[in-house]
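A.B. asks: just need the structure, nothing else, for what follows:
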Amino acid sequence: MNDTRKLAKYLAGLGYGSRKEMEIAIRQGRIKGWGEEITFDGEPLDPAPGMVILMNKPAGFTCSHQDQGRLVYDLLPPRFIKRDPKLSSVGRLDAQTTGLLLFTDDGALLHKLISPKSEIPKTYEATLARPLEGHEAELFASGTLTLRGEDKPCLPATLEVTGECTARLTLTEGRYHQARRMFAAAGNHVEALHRARFGALELGDLAEGAWRLLTDAERSELA
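C.D. replies: Numbers count the residues shown, from 1 in each chain. As a prediction, this is how the structure comes out:
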């Protein structure tokens, strides 16, 4: 395989187009440079495979490649969806939950981050329909709370009361709608839910709907 074909294959993997289209683009001189200095139409290439993206997810977007309606992938450059290896969200936030959501095309890292064995702490800010009753923190920390339809109790979780109807909940699991179901089990209802932290990562001043690449140092802390 010659260098043009190798480069065309690499560019196709980044989602710029088919291999044939990339071979044509190379012959047309649209790709300049070599190594880490390559440009496409004068712009630096997208990140190499292995990237991790941090997004401030807005409400109303679904974590899916195929569902109807607005998808979290719509908030990323369209060619990111064509990348190979495929870009996937690290777990899911339900459509109405906002906040920190990660994406990666690194399959091994994805598997590690979503594995129940990882026990990565994830912190949520919850706004509740009714005032907290005072028993919730002890219930969530007990390790005995079993959610409806399940037979295995939740791992101990940390609840910090931040207001009459607001609380900060830190989980080390990723069960289906876990935060909402835990408050439901405690006799309340979550009106709004926002993930503020994933491991050591926080949103900072990232605007709602915006995203950024993790730095090498941030990525190393996850790996």
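A.B. asks: can you give me the helices for this structure?
C.D. replies: 3-13, 19-27, 107-114, 136-141, 178-185, 216-222 (DSSP state H).
A.B. asks: grab the most central residue of this protein for me.
C.D. replies: residue 102 (2.3 Å; Cα atoms, centre = their mean).
A.B. asks: that one and residue 113, how far apart?
C.D. replies: To residue 113, residue 102 is 7 Å away according to Cβ to Cβ, to the nearest Å. (Glycine included, C-beta is placed from N, CA and C.)
A.B. asks: overlap in contacts of these two?
C.D. replies: Counting by Cβ atoms under 8 Å, 6 or more residues apart in numbering, the common neighbours of residue 102 and residue 113 are residue 90.
A.B. asks: ok, residue 193 to residue 167 distance?
C.D. replies: Distance from residue 193 to residue 167, by Cβ to Cβ: 11 Å.
A.B. asks: now do the shared contacts for the two.
C.D. replies: Common neighbours of residue 193 and residue 167 (criterion: Cβ under 8 Å, 6+ apart): 125, 126.
A.B. asks: any low-confidence regions in the protein?
C.D. replies: For the chain, the stretches with pLDDT under 70 are 1-2.
A.B. asks: give me that answer again for 90
C.D. replies: 1-4, 33-38, 65-68, 116, 221-223 (pLDDT under 90).
A.B. asks: can you count the residues close to residue 183?
C.D. replies: Number of residues near residue 183 (other Cβ atoms under 10 Å) recorded here: 24.
A.B. asks: so who does it touch?
C.D. replies: 126, 128, 136, 189, 190.
A.B. asks: repeat for residue 127
C.D. replies: For residue 127, the contact set (Cβ under 8 Å, 6+ apart) comprises 165, 166, 190, 191, 192, 193.
A.B. asks: which of the residues you listed sits closest to residue 220?
C.D. replies: residue 193 (29.3 Å; Cβ to Cβ).
A.B. asks: let me know the distance separating the residue lying closest to that closest one once chain neighbours are set aside from residue 69.
C.D. replies: Leaving aside its chain neighbours, residue 193 sits nearest to residue 97 (4.5 Å; criterion: Cβ to Cβ, 6 or more residues apart in numbering). Remark: distance between residue 97 and residue 69 (Cβ to Cβ) = 15 Å.
A.B. asks: also residue 137?
C.D. replies: For residue 137, the distance to residue 69 - Cβ to Cβ - is 36 Å.
A.B. asks: okay, now residue 155: neighbour count?
C.D. replies: Neighbours of residue 155 (other Cβ under 10 Å): 15.
A.B. asks: next: the one 3 residues further on.
C.D. replies: As a burial measure, residue 158 scores 14 neighbours (other Cβ under 10 Å).
A.B. asks: over to residue 54?
C.D. replies: 22.
A.B. asks: select the longest strand from this structure.
C.D. replies: Counting residues, the longest strand found in the chain (DSSP state E) is strand 190-198.
A.B. asks: which elements pack onto that strand?
C.D. replies: strand 98-104, strand 122-128, helix 178-185 (3 or more Cβ pairs under 8 Å, 6 or more residues apart in numbering; DSSP states H and E).
A.B. asks: bridged to the closest residue to residue 188 other than its chain neighbours, which residues?
C.D. replies: Leaving aside its chain neighbours, residue 188 sits nearest to residue 128 (4.9 Å; criterion: Cβ to Cβ, 6+ apart). Beta-bridge pairing for residue 128 (DSSP bridges): residue 190.
A.B. asks: wait, residue 128 touches residue 190, no?
C.D. replies: Yes: using Cβ atoms under 8 Å, residue 128 is in contact with residue 190, at 6.2 Å.
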